[in-house]
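Engineer: Structure for the following, please:
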Amino acid sequence: MKSIRVVIGLILLTAASLGFQGCATTFRAANSGVTTLRNFQLGNLTPRTTFSMADIIRFYVNVTWDDVTQEPGWQDVTWNWYKDGKLVGHRENDMAYFKGAPNTRFATQPAAGLGTGHFKVECLINGKQIATAEFDIK
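Structural biologist: So this is what the prediction gives:
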């Protein structure tokens, strides 16, 4: 009977530790930027500030955290796209798994879907903003 309680206790402790995994982790962007999807696929991460209506825009963020020897595990990632201060795009990646820093995350948006104007995009992890970028579509 005592061994059953020990096993149940170990299971509960393991479940609790998995549930709290990464709770105290502070995330930050090692670097970030907006570029075209094609440039990103070719490894050219030089940020751009102007896009054409034909472009597919990729906002990338290389995420790191306090203790890179630890896996922070599952986190909520949110991407918000703004045009002249008004929210025009929103994407959530609930329960994204983070392992190995820096960890690259990205969101993609066709310029034609946004229209012309001035834009800002932000990346939030667990509700905290870690990166932003501004650009124009002409």
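Engineer: From D76, how far out is the closest residue to G85 other than its chain neighbours?
Structural biologist: Sequence neighbours aside, K120 is the residue nearest to G85 in space, at 7.8 Å (criterion: Cβ to Cβ, 6 or more residues apart in numbering). Yep, even glycine has a C-beta here, placed from its N, CA and C like the rest. Between K120 and D76 the distance is 20 Å, computed by Cβ to Cβ, to the nearest Å.
Engineer: same question, Q70
Structural biologist: Counting by Cβ to Cβ, the separation of Q70 from D76 is 18 Å.
Engineer: N103 now?
Structural biologist: Using Cβ to Cβ, N103 is found at 14 Å from D76.
Engineer: Looking at those two, which one has more neighbours?
Structural biologist: N103 (20 against 13; other Cβ atoms under 10 Å).
Engineer: Contacts only, for the more buried one.
Structural biologist: Listed by Cβ atoms under 8 Å, 6 or more residues apart in numbering, the contact set of N103 reads 62-64.
Engineer: Throw together a PyMOL command that grabs the buried residues out of those residues.
Structural biologist: Those of these that meet the burial criterion (16 or more other Cβ atoms under 10 Å) are gathered into one PyMOL selection, given here:
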select buried, resi 62+63+64
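Engineer: for the contacts of N103, which one is nearest V34?
Structural biologist: Nearest to V34 out of the contacts of N103 is N62 (Cβ to Cβ; 13.5 Å).
Engineer: In the one helix or strand the closest one maps to, which residues are buried?
Structural biologist: Secondary-structure assignment from DSSP states H and E places N62 in strand 56-65. By neighbour count with 16+ other Cβ under 10 Å, strand 56-65 contains the buried residues 57-65.
Engineer: Kindly format the C-alpha coordinates of the top strand by length along the chain as CSV.
Structural biologist: Ranked by number of residues, the top strand in the chain under DSSP state E is strand 86-98. The C-alpha coordinates for strand 86-98 follow below in CSV (Å, rounded to 0.1, in the frame of the first residue of the first chain):
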residue,chain,number,x,y,z
LYS,A,86,-5.4,49.6,-35.9
LEU,A,87,-5.3,45.8,-35.5
VAL,A,88,-5.7,44.2,-38.9
GLY,A,89,-4.3,40.7,-38.3
HIS,A,90,-4.0,38.4,-35.4
ARG,A,91,-2.6,34.9,-35.1
GLU,A,92,-2.2,32.7,-32.0
ASN,A,93,0.1,29.7,-31.6
ASP,A,94,-1.1,28.3,-28.3
MET,A,95,1.2,25.8,-26.8
ALA,A,96,4.3,26.3,-29.0
TYR,A,97,7.1,24.1,-27.8
PHE,A,98,10.5,25.9,-27.2
